[in-house]
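J.: no sequence on this one, just coordinates:
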């Protein structure tokens, strides 16, 4: 069996694995994200310890962003402006090259997750958006089996949204935009706004309506701009299962029967869904990136 390495590089943790998208992981580890030197030292140790499983055909890197994805750029693989301490300017390709000479594939963690979800869906979904709501809010896009790049990569987590009345006094936490979507609705923003973690909210707390409204505004914007056939909502905050049906219903209300393919709640339940991958979507996507390694 051909095996690959996968690195899902997130702002809170790195998940590393050896295996393949089709067969799954043979071994995995989770590494806390610290400074680049310490974090990648642990990544290198994992892959060295896994050498007994066989030679890798490639490694896929599904990285937090923003990151340079144009292979023609001299900065290909470098992390751009980020609030994550010490990571701006980090060369993700060079860091992996330091311990492995196999072909590498690189994309954002959310683009990789979108790639995986489209792959699991088969040929029935041509246009898919993946949204992660956790440490930050990220959006990945796949069109006809390929992730979307342009002057950079999608950063729809930083769109401006209409402020919910129950949130009027919260300024937002994004260091670049203040009250953009990520600044209002990411996990850290939720904790900063309400003073408790999302898992502790009682059913009557205004958080539920506020969070569902913000994420529904994102879904509305995606339907109206890139016309995805499916929006997959993942990440730590979305593990609060009560949120998904609230977002589906609120998106339907916001669209106001304007989008023909999303005009009733039963259809919306097929359009806005939870992840379908058996393993974390970003990790499965990293395997797929490894198979198409371009670096």
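T.: The structure has been received and is ready for your questions. Only a predicted model underlies this, so the values are computations on that prediction, with no experimental measurement involved. Residues are numbered from 1 along each chain as shown.
J.: Domain-wise, how is this structure divided?
T.: The record's domain parsing of the chain by automatic domain parsing lists 3-111+278-291, 121-273.
J.: How about the secondary structure of the residue most central in space within the chain?
T.: By CA atoms, centre = their mean, the chain has its centre lying nearest to residue 110, at 3.0 Å. Reduced to three states with DSSP: H, G, I helix; E, B strand; the rest coil, the structure at residue 110 is helix.
J.: Check which helix or strand residue 96 maps to.
T.: Here residue 96 sits within helix 92-97, counting by DSSP states H and E.
J.: For that helix, list every residue counted as buried.
T.: For helix 92-97, the neighbour count (16 or more other CB atoms under 10 Å) marks 92-93, 95-96 as buried. For the C-beta atoms, the positions are set from N, CA and C on the backbone; glycine is no exception.
J.: Then stretch 18-30?
T.: Applying a neighbour-count criterion of 16+ other CB under 10 Å, one finds 18-21, 25, 28-29 buried in stretch 18-30.
J.: Mind listing residues that contact that stretch?
T.: 1-6, 13-17, 46-47, 50, 53, 56, 116, 119, 278-279, 283-284, 287-288, 291 (CB atoms under 8 Å, 6 or more residues apart in numbering).
J.: quick check: longest helix of the chain.
T.: Counting by DSSP state H, the longest helix found in the chain is helix 207-225.
J.: average pLDDT for that helix?
T.: Helix 207-225 shows an average pLDDT of 97 in the prediction.
J.: what's it in contact with?
T.: For helix 207-225, the surrounding residues in contact (CB under 8 Å, 6+ apart) are 129, 131, 133, 137, 139, 156-157, 159, 161-162, 164, 166-167, 181, 184-185, 190, 194, 198, 201, 228, 231, 233, 237, 242-243, 246-247, 249-251, 253-255, 258-259, 262, 271-272.
J.: so who does the nearest residue to residue 199 once chain neighbours are set aside touch?
T.: Leaving aside its chain neighbours, residue 199 sits nearest to residue 240 (7.1 Å; criterion: CB to CB, 6 or more residues apart in numbering). Contacts for residue 240 (CB under 8 Å, 6+ apart) come out as 198-199, 201.
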